[in-house]
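Here's my sequence, what's the structure:
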Amino acid sequence: MTILTTQRLRLEPMDYPHLDGLHAMNSDPEVMRFILGRPETIEETAASIERVRTRWAAWGFSWWTFFERESGDIVGAGCIQYLGKDEANPLEIGWRLRRDKWKLGYASEAANAMAAYAFEVLDAELLCSICHPDNAGSARVMTRLGMTFKAIEQWDGSDVALHSMTRVDWLSRRAAAGG
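Below is the predicted model:
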């Protein structure tokens with residue numbers, strides 16, 4: 001399982017020792033407002049970790065827990081997974097952060113590391129991201145990442161804003177930035 005690092009974050013594959021920190025984040029109604037629409041229970045967080053461990057074993061990628069390198073605290077989580085959790089779909093990138101870590105650039109920092117992994121290690125041709133149409137914060141991160149808004153679609157019975165980026169676009173942006 002792959003650990004990613006950025007200037008301020010360490011992204012570790014989600015695992016059972018992360019339960020308390022992840023649940024503290026996922027039980028915040030504001031963090032979950034655009035995800036579930038309600039706080040997550042401890043049982044739901046534990047079940048998520050179990051699903052994620054299965055996906056890591058099957059696919060070699062899934063959800064990471066974000067640790068702040070300076071403090072060692074869990075500050076978020078993010079993923080590369082199949083959109084709709086089905087291998088017939090393109091890869092999806094996603095993230096969430098503790099509310100006290102919003103607007104500090106952590107989501108963009110982690111998203112860049114995860115996108116690099118998807119395009120440069122997994123050789124993904126396309127990377128998608130979805131968010132609630134009212135989730136302006138996540139949409140801004142998608143735009144900063146270089147993703148383009150495509151459409152409002154229905155997923156799991158809800159409207160979502162679909163954004164995407166191709167591997168060619170990612171590599172062109174990286175080359176233009178000197179990376």
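
how many other residues sit next to the nearest residue to Ala110 once chain neighbours are set aside?
The shortest distance from Ala110 to any non-neighbouring residue, by C-beta to C-beta, 6 or more residues apart in numbering, is to Gly78 (5.1 Å). Yep, even glycine has a C-beta here, placed from its N, CA and C like the rest. Residues contacting Gly78 under the criterion other C-beta atoms under 10 Å number 24.

cool, Ser129 as well?
Neighbours of Ser129 under the rule other C-beta under 10 Å: 24.

returning to what we had before: export only the CA atoms of the strand or helix carrying the residue nearest to Ala110, formatted as CSV.
Secondary-structure assignment from DSSP states H and E places Gly78 in strand 74-82. Extracted in CSV, the C-alpha atoms of strand 74-82 (Å, rounded to 0.1, in the frame of the first residue of the first chain):
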residue,chain,number,x,y,z
ILE,A,74,-5.5,13.3,11.4
VAL,A,75,-6.7,16.3,9.4
GLY,A,76,-8.6,14.7,6.5
ALA,A,77,-9.1,11.9,4.1
GLY,A,78,-9.1,11.5,0.3
CYS,A,79,-9.2,8.9,-2.4
ILE,A,80,-8.5,7.6,-5.8
GLN,A,81,-11.3,5.0,-6.5
TYR,A,82,-13.6,4.0,-9.2
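
follow-up on the earlier one: for the residue nearest to Ala110, give its distance to Ala88.
Separation of Gly78 from Ala88 (C-beta to C-beta, to the nearest Å): 22 Å.
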